[in-house]
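> Okay, here's the prediction I keep looking at, along with the sequence it came from:
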Amino acid sequence: MKNKILKQAQREYSPGTRAIALIFLAPLFLGILPGALVYFSVLLDHRFALPRMHGPVNVIIGCALIVAGILFAWWSIYVQFTTGRGTPVPVLATQKLITQRPYSYCRNPMTLGTIVLYLGVAALIGSISAVVLVLLGAILLLLYIKFLEEKEMETRFGEAYQEYRRQTPFLIPRLWRRK
């Protein structure tokens, strides 16, 4: 299994192939998943008679979180694409360990950006069940990253990744430098 992971990850793909993968993924993360979140939260709110909070505060907070989440996630993807010569798609893995910003703030900035984005959608629509759905999805994603993806990174990058892991927080960013 370890050799298969290494072999797959060592294959470098052209920028065009990587761009096509990102183009096909964008509608999923920017349209389909937020749409599903809205749809299912409406069903859950109705089913459990949960109130929805509407107002300008929801719009302001929701839009701010959406914009911040998108920008942080896309910054992470851009660095993966350019510096790491890969994508978030596991079969088109980065070719080198990325440790500069935004990956110097936390090891999973793309995940953080995505969670913030979807929490923004939940705030925008004022749905308690949407917040719960986002948090449940985040927990599942973080468990996947912690127990599977980090093992793969150790296999691929060895001691360099272990040192990066010791120095860099998992999800909550550290915006200052350690001395």
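Structure received.

> residue boundaries of the strands in the chain?
For the chain, no strands turn up when DSSP state E is the criterion.

> Helix or strand with the lowest mean pLDDT in it?
The weakest-scoring helix or strand in the chain, judged by mean pLDDT, DSSP states H and E, is helix 2-10 (a mean of 67).

> list the buried ones in the longest helix seen in the chain?
Looking across the chain with DSSP state H, the single longest helix is helix 56-82. Residues of helix 56-82 classed as buried by neighbour count (16 or more other CB atoms under 10 Å): 58, 61-62, 65-66, 68-70, 72-77, 79-81. No exception for glycine: its C-beta is placed from N, CA and C like everyone else's.

> ok, now stretch 99-110?
Buried-residue list, stretch 99-110, by 16+ other CB under 10 Å: 99, 102-110.

> again with stretch 134-145
For stretch 134-145, by 16+ other CB under 10 Å, it's 134, 138, 142, 145.

> Next up, the contacts around the last one.
With contacts taken as CB atoms under 8 Å, 6 or more residues apart in numbering, residue 145 has the following neighbours: 108, 111.

> at 6 Å instead, please
Under the criterion of CB atoms under 6 Å, 6 or more residues apart in numbering, the neighbours of residue 145 are residue 108.
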